Structure formats: C-alpha cells, structure tokens
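A.B. asks: What follows is a predicted protein model with its sequence.
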Amino acid sequence: MIESDPAAQTFRERPGFTAVDGQRCIVDFWARFSDHECLVLLSELTPATERLQNRPDFDPEAFTVRHINAVERAAARVWTENWQRMLPVLVVARGLVKPSLRDAIERFVTTPQSLLAIEREFSTGDPVLIRAAVFELLHLGRIQAFELRTESLSLTTRFAVTTAGS
C-alpha cells in the first residue's frame, strides 16, 4: 500500500519501536511523504523482542500513527496484488523509459485506453518499456486505473489521464 502511493517518497520496514497502550511494540513501517512522516502499525501488534534491540524508540506524539487493520488490508488485497505485479517491471526498467514515451502515452490516454490498445499504439518500441512507462505514469499519479482496486491487472485494464478532481 505504501509502495503504490505516489505521495510516498521513502519508507522503511520495522525501523524501531513505539509505545502503544503502555506496551513497547515494533513499528511495522516508517514512511515519509511530501508533507509529513508517519508510523504504520498493523492491527496485530508485535511486542518488542531482543532481536531488534539496536533500533530507536519513536515518540508516538512526534509522528502521525496510522493503524491498519486486517479488514483494511483485505479490502486492498487486489490493489496490492496488482502492484506486486507492476513493481518488478518498474524496477527492471528504472532509468530506461524516455520522458517522451511517457508524455506520448499520457496524451494517448486522454480518453480511457486498455493496456492492449496502449501497447498496440506504441508497438514500434520495446513492449517492456511501454508497459513500464504506463506503470510509471500510474505510480506518479499522472494517469489512473480505478479498476485495479477491484480487478486483476490484464490487457483489458483501462488507463486514463488523471483529472484535476480525482
């Protein structure tokens, strides 16, 4: 969920501890966004153990603390599974996608287009880079694909330029 958020600049898994209801617990994630930092705690709190003793204690008053329960994680399951499929493409193509390709795809999806239509339109290029450009635009928040929250990524998934109101 953090990796797929365009506003997330960086994050770290299990960076240290914080107090919850008087008990010292492991922080599941620390994340930095453009306008704030937060601690993310899963609903199944993990009590502190000897394994992570060299990690810092975070003051819960100094950070926004977001609790994510099992229901919220279940509701985001399709979204996170889709990102698990897209992130490796982004990593493999990091630095290889030309801005001109991203810009051309963004112009092409001013009306919603399927991934298949996008790949066909730009078929003279490397198909992996075309797909990576689409996923980069999605990750940057420049295009959207609402159905990725409820349906698995496929060639029929439709992408469209992000509107100012969304």
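C.D. replies: All right, it came through fine. For clarity, every value in this text was computed on a predicted model and none was experimentally measured.

A.B. asks: check contacts around Q144.
C.D. replies: Contacts here follow C-beta atoms under 8 Å, 6 or more residues apart in numbering; on that basis Q144 touches 138, 159-162, 166. Any C-beta I mention is one placed from the backbone N, CA and C, and that applies to glycine too.

A.B. asks: tell me which residues of the longest strand anywhere in the chain are tucked away?
C.D. replies: Among the elements of the chain assigned as strand by DSSP state E, the one spanning the most residues is strand 8-20. Counting neighbours by 16 or more other C-beta atoms under 10 Å, one finds that the buried residues in strand 8-20 are 8, 11, 15-18.

A.B. asks: Past the helix or strand containing R107, which element shows up next along the chain?
C.D. replies: Assigned by DSSP states H and E, R107 falls within helix 99-108. Next along the chain after helix 99-108, taking DSSP H and E as the criterion, comes strand 113-114.

A.B. asks: what about the strands in the chain?
C.D. replies: So, for the chain - with DSSP E - the strands run 8-20, 23-33, 37-42, 64-68, 113-114, 143-144, 158-161.

A.B. asks: Reformat these into CSV and put distance to N54 next to each item.
C.D. replies: Rendered in CSV, the data for these read as follows (distance: least, C-beta to C-beta, whole Å):
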stretch, distance to N54
strand 8-20, 9
strand 23-33, 13
strand 37-42, 18
strand 64-68, 22
strand 113-114, 49
strand 143-144, 42
strand 158-161, 44
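
A.B. asks: where does the chain dip in pLDDT?
C.D. replies: Counting by pLDDT under 70, the ranges of the chain that qualify are 46-53, 164-166.

A.B. asks: how is this protein carved up into domains?
C.D. replies: Each domain of the chain is listed here as a residue range: 8-73, 76-161, per automatic domain parsing.

A.B. asks: By neighbours, which of the contacts of Q144 wins?
C.D. replies: Neighbours here mean other C-beta atoms under 10 Å. Within the contacts of Q144, the largest count is held by F159, at 24 neighbours.

A.B. asks: Give me the residues contacting stretch 116-134.
C.D. replies: Residues external to stretch 116-134 that are found in contact with it (C-beta under 8 Å, 6+ apart): 89-90, 92-93, 96-97, 101-102, 104-105, 108-109, 113, 115, 143, 155-156, 159.

A.B. asks: how far off strand 23-33 does the longest strand of the chain point, in degrees?
C.D. replies: 160 degrees (axes from the mean of the first three to the mean of the last three C-alpha atoms, to 10 degrees).

A.B. asks: Could you export strand 8-20 as PDB, CA atoms only?
C.D. replies: This file holds the C-alpha atoms of strand 8-20, laid out as PDB (Å, rounded to 0.1, in the frame of the first residue of the first chain):
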ATOM      1  CA  ALA A   8       5.200   8.200  -0.600                       C
ATOM      2  CA  GLN A   9       8.800   9.400  -1.000                       C
ATOM      3  CA  THR A  10      10.500   6.700   1.000                       C
ATOM      4  CA  PHE A  11       9.800   4.100   3.700                       C
ATOM      5  CA  ARG A  12      11.500   1.600   5.900                       C
ATOM      6  CA  GLU A  13      10.200  -1.700   7.300                       C
ATOM      7  CA  ARG A  14      10.500  -2.400  11.000                       C
ATOM      8  CA  PRO A  15      12.600   0.700  11.800                       C
ATOM      9  CA  GLY A  16      12.200   0.600  15.500                       C
ATOM     10  CA  PHE A  17       9.800   0.700  18.400                       C
ATOM     11  CA  THR A  18       7.000   2.800  19.800                       C
ATOM     12  CA  ALA A  19       4.700   2.700  22.800                       C
ATOM     13  CA  VAL A  20       1.100   1.500  22.300                       C
END
